[in-house]
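Colleague: Below are the sequence and a predicted model for it; my questions follow.
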Amino acid sequence: MAILKQIILSAVVIAAALFLWITFVPSSGPWLERAGLADLLGVEAAQPQGGEGGRGGWGGGGAARVVVAEVTEGAVDDRIEAIGDGQALRAVTLRTEVSGQIVELPVAGGTYVEEGALILRLDSEAERIALERARLMLDEARDDAERLEQLADAGTVSGVRQREARLALRTAELEVQQAEYDLGRRTLRAPIAGWNGVLDLEQGDRVPAQAEIGTITDRSAILIDFRVPESAVSRIDVGTPLTARPLGIPDLVLDGRIAAIDNVVDRSSRTLRVQGRVANENDRLRAGMAFKVQLRFSGQALPAIDPLAVQWSSQGSYVWVVRDGKAQRVDVTIRQRNADSVVVEAALEPGDPVVIEGVQSLRPGADVEVVEGSAATGQAALDGPARL
């Protein structure tokens, strides 16, 4: 019997202490809401009664003093990130057309060459002799054709003989062109201006036909091949801005644009090949480098609020909004966090005042007094005059 009395007495004392805590401690409300006990104990229906010091609360008197910030309009930034491979704006692999021995190699590997610059020259003595022979035959054929034309005027040469002379002249001209072409194939020149690659050759080496000599790259700009999901096909176009970071130079951020878009979606990966272009002004980039590419798209317009306004309970996130001088709780769904704002889905409109300081003493329907100024100055106002 004595034990039962002690249990009852303890329960009464605990209930009384809980009642006093709820009634006179303003910060008890948010704690009970986070613990999910506010609805159970019925404290959410309680209205602020005021208290001394001008601070609103469940056990105080007067309106709760708060600092507010207006709701603005924001947008959820959708982004696509991908890893791409870089390649030069233009690249040409140099190959010899014929076999032969290198007699001249005026360029060094890793140097810049202009379009038309001599890369190498092969031995060409036989081709020069053939060209001289063809020119001699051309001169002889031309003289025969001119002589027959003069005799034809006197009527001593038949038309058949004249046609044969003209045919021989044309054949000699073609032989000269063929000899010049054969001689030109002994010389290799730069087809574009750019940077010459490493040359694993020396003067005097003998190279076969179609031997790979090196590569010339125009890397004034870098093209980046990457892939995007098929869901983004309708949102990109040639000229869409992008940012790229070389994986080997992570502190370098490059601004570029989409230069080309493929016309077929890959069936196995459900992705589309896209090619971006970035400038290489300081010549820090090379073909073959890996890049992290990011595309950003502006999404749906949504309310944006100060991060300090977001509160949490067992039911989720919410904010306090001041309407007609009273506090109203509005549930929010966070869609995106930015450095200075939070984009949310909620029943809020741009310009609505949401509480960022003084939330500890707020209850639904509580009278509020908005303190002007920033959050820092507002907190000082909330604390009231300094006490000595």
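Modeller: Thanks, I have the structure now.

Colleague: only C-alpha atoms for contact and neighbour calcs from this point on.
Modeller: Will do.

Colleague: Show me where the stretch 51-200 of the chain dips below the pLDDT cut-off.
Modeller: 51-62, 154-155 (pLDDT under 70).

Colleague: try it again with 90
Modeller: The stretch 51-200 of the chain contains residues with pLDDT under 90 at 51-66, 73-80, 107-110, 143-166, 197-200.

Colleague: So which residues of the stretch 101-250 of the chain form strands?
Modeller: 112-113, 118-122, 187-189, 194-196, 206-207, 212-229, 241-246 (DSSP state E, counting those that start in this stretch).

Colleague: Give the pairing partners of the third one; include direction for each.
Modeller: Each strand pairing with strand 187-189, determined using DSSP bridges, is listed with its direction: strand 118-122 (antiparallel).

Colleague: buried stuff in the longest strand along the chain?
Modeller: The longest strand of the chain (DSSP state E) is strand 72-95. Neighbour-count burial for strand 72-95 flags 72-77, 81, 83-92, 94-95 (criterion: 16 or more other CA atoms under 10 Å).

Colleague: looking at the strands of the stretch 101-250 of the chain, which is buried most?
Modeller: Greatest average neighbour count among those goes to strand 194-196 (a mean of 22), per mean count of other CA atoms under 10 Å.

Colleague: now for that one, which elements pack on it?
Modeller: strand 112-113, strand 212-229 (3 or more CA pairs under 8 Å, 6 or more residues apart in numbering; DSSP states H and E).

Colleague: between the longest strand of the chain and strand 118-122, how big is the angle?
Modeller: Using axes from the mean of the first three to the mean of the last three CA atoms, to 10 degrees, the inter-axis angle of strand 72-95 relative to strand 118-122 is 20 degrees.

Colleague: Give me the sheet partners of strand 72-95 and which way each runs.
Modeller: strand 212-229 (antiparallel), strand 290-305 (antiparallel).

Colleague: Enumerate every residue touching the spatially closest residue to residue 109 that is not a sequence neighbour.
Modeller: The shortest distance from residue 109 to any non-neighbouring residue, by CA to CA, 6 or more residues apart in numbering, is to residue 198 (4.3 Å). Remark: with contacts taken as CA atoms under 8 Å, 6 or more residues apart in numbering, residue 198 is in contact with 108, 109, 110, 214, 215.

Colleague: Residue 219 too?
Modeller: Residues near residue 219 by CA under 8 Å, 6+ apart: 88, 89, 90, 194, 195, 280, 283, 285, 286, 287.

Colleague: Distance-wise, check it relative to residue 187.
Modeller: For residue 219, the distance to residue 187 equals 25 Å [CA to CA, to the nearest Å].

Colleague: do the same with residue 91
Modeller: Taken as CA to CA, the span from residue 91 to residue 187 is 20 Å.

Colleague: Flag the shaky bits of the stretch 201-350 of the chain, pLDDT-wise.
Modeller: Applying pLDDT under 90 to the stretch 201-350 of the chain flags residues 201-203, 214, 231-235, 250, 281-283, 296-302, 313-316, 324-326, 335-347, 349.

Colleague: if we compare the strands of the stretch 101-250 of the chain, which one ends up closest to residue 321?
Modeller: strand 241-246 (38.0 Å; CA to CA).

Colleague: Please name the spatially closest residue to residue 353 (chain neighbours excluded).
Modeller: Residue nearest to residue 353 in three dimensions, not counting chain neighbours: residue 70, with 4.5 Å by CA to CA, 6+ apart.
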